[in-house]
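>>> Structure of the sequence below:
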Amino acid sequence: MTEALPSAVYSPVAHRLAKVDGPVFPLHVGDTWRAPFEGAQMTALSEHDSPGLHRYGPTDGLPALREALVEKVRKRNHDCELDQILVTAGATSGLSCAIGALADPGEEVLVLAPFWPLIRGIVVSHGAVPVEVPFYDRVATVTEALAAVESVRTSRSVAVYFSNPSNPTGRVLAPEIVEALANWAAANDLWVLSDEVYEDYVYKGEHVSAARFAPERTVSVYSFSKAYGMAGNRAGYLAAPTSIREAIHKVSVHSAYHAPTAAQFAGLQALEGGADWVAATRAEYADTGCAVAGVLGLAPPEGSCFLFADARGAFDERGMRGFLEDCADDGVLVAPGSAAGRDYDGWVRLCFTVVPPEDAKEAARRLARRLSG
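Predicted coordinates:
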């Protein structure tokens, strides 16, 4: 099974940066250059103010955090009760545990593409089958959306996964498309895995949670990593119907046991005091994304922290590998589009928030020169 998992998901040429004489721009990973909200940084935590900071805690999450998350989800996403919330070791672990609970070996998870690069390997690691559905760059209407998923549904299909806002395209799905996908899944006894980790970073359009439309069939996944700049803390959470939440909890206990206790305390601080940080970060991301897209001749992102560019016109006989190597020699790392779907081998993904705005613009200028040949 592990033979099907790539060892370098985001960049097979990262080692070349060691030989670059000058600044480097690691745009291949989805992260932020910004320090977290000050009150949620690890240096702000203490055993005195957060008793049990360094100990095991409840395996489904600290009670105070789960109570705060219920209120957050009710206010911003969908109806929710306390027994539907599970704090996880990052959204990555949450999604993995959800797939482990929902899909038996040989069953299919429909994955709308281009997709977050780790989801394909997560499905495979549980013995399930990822079915790639070209979607974000090809579907504009409800009719097209339903045709895309229905064309690949079989008797073995058990779930459909999509990210909204999209990693890697930056697209925000229209509410009517989200509603149609959720209702279609429910009508066909499929689960919806709704990856909403970039919900705070919408620059155009409206983010709508799938669980508003099919709450009995939806697992909604969220992240402190993306919302508050805490990727290294490894804390996320999900909301799901009680019965499946319990099954996911069992998988979580037997994989990560529980999310890091200190990260949960930091997440609680961010929920309680990080709104201004998020607003300022959103404004910066929107400006940077628009500027970087302009340099590259792309449409500005509607949400998330990514842009997805067609690089095929810049290839020589070495293909994608040669293009990635040339970019790396310029100090710029981007992720190959094939990590986001087999149909996207000639595309590249870049994260415009992992370095400061001026660095992101400089990286874009270097990348633009390569893309222009």
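>>> For V131, name its beta-bridge partners.
L110 (DSSP bridges).
>>> Could you pull up the contacting residues of it?
Neighbour list for V131: 108-111, 152, 157 [criterion: C-beta atoms under 8 Å, 6 or more residues apart in numbering]. C-betas here are computed from N, CA, C, even on glycine.
>>> can you rerun that using 7 Å?
108-111, 152 (C-beta atoms under 7 Å, 6 or more residues apart in numbering).
>>> What subset of those residues is buried?
For the contacts of V131, a burial check counting by 16 or more other C-beta atoms under 10 Å picks out 108-111.
>>> so where does S243 fall, helix or strand?
Per DSSP states H and E, S243 falls inside helix 242-253.
>>> which of the residues in that helix are buried?
244-245, 248-249, 251-252.
>>> Go through those and say which is closest to V87.
Set against V87, the nearest of those by C-beta to C-beta is S252 (9.0 Å).
>>> The protein: helices as residue ranges?
63-76, 90-102, 117-125, 142-150, 175-187, 224-228, 242-253, 261-273, 275-296, 319-329, 357-371 (DSSP state H).
>>> Name the residues that touch the fifth one?
By C-beta under 7 Å, 6+ apart, the list of residues contacting helix 175-187 from outside reads 142, 145-146, 149, 160, 162, 164, 191-192, 206, 208, 210, 213-214, 217-218.
>>> What are the buried residues along it?
177-186.
>>> tell me the pLDDT at the closest residue to G322 other than its chain neighbours?
Spatial nearest neighbour of G322, excluding adjacent residues (C-beta to C-beta, 6 or more residues apart in numbering): D316 at 5.8 Å. Confidence at D316, expressed as pLDDT, is 92.
>>> tell me what the helix holding S243 is packed against?
Using 3 or more C-beta pairs under 7 Å, 6 or more residues apart in numbering; DSSP states H and E, the elements in contact with helix 242-253 are strand 85-88, helix 90-102.
>>> For the residue of the chain positioned farthest from its centre, give me the backbone phi and psi.
When distances to the mean C-alpha position of the chain are computed (C-alpha atoms, centre = their mean), the maximum falls on H48, with 34.1 Å. Main-chain dihedrals, H48, degrees, to the nearest 10: phi -60, psi -50.
>>> Quick check: pLDDT value at it.
For H48, the predicted pLDDT is 75.
>>> Rebuild the helices of the chain as JSON lines, extending it with distance to V131 and mean pLDDT.
Formatted as JSON lines, the helices of the chain follow (distance: least, C-beta to C-beta, whole Å; pLDDT from 0 to 100):
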{"stretch": "helix 63-76", "distance to V131": "29", "mean pLDDT": "97"}
{"stretch": "helix 90-102", "distance to V131": "13", "mean pLDDT": "96"}
{"stretch": "helix 117-125", "distance to V131": "9", "mean pLDDT": "96"}
{"stretch": "helix 142-150", "distance to V131": "10", "mean pLDDT": "98"}
{"stretch": "helix 175-187", "distance to V131": "14", "mean pLDDT": "98"}
{"stretch": "helix 224-228", "distance to V131": "26", "mean pLDDT": "92"}
{"stretch": "helix 242-253", "distance to V131": "21", "mean pLDDT": "96"}
{"stretch": "helix 261-273", "distance to V131": "33", "mean pLDDT": "92"}
{"stretch": "helix 275-296", "distance to V131": "30", "mean pLDDT": "97"}
{"stretch": "helix 319-329", "distance to V131": "23", "mean pLDDT": "93"}
{"stretch": "helix 357-371", "distance to V131": "31", "mean pLDDT": "97"}
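>>> I'd like to know which of the ones you listed is closest to S11.
helix 319-329 (7.0 Å).
>>> So which elements touch the closest one?
Against helix 319-329 (3+ C-beta pairs under 7 Å, 6+ apart) you get helix 357-371.
>>> buried residues in the helix it packs on?
Buried-residue list, helix 357-371, by 16+ other C-beta under 10 Å: 357, 359-364, 366-367, 370-371.
>>> Dump those into CSV; add distance to G346 as well.
Shown next, in CSV, are these (distance: C-beta to C-beta, whole Å):
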residue, distance to G346
P357, 28
D359, 26
A360, 23
K361, 24
E362, 25
A363, 20
A364, 19
R366, 19
L367, 15
R370, 14
L371, 11
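>>> F25: which of those is nearest?
A363 (3.6 Å).
>>> Quick check: V129 vs R34, distance?
Distance, V129 to R34, using C-beta to C-beta, to the nearest Å: 38 Å.
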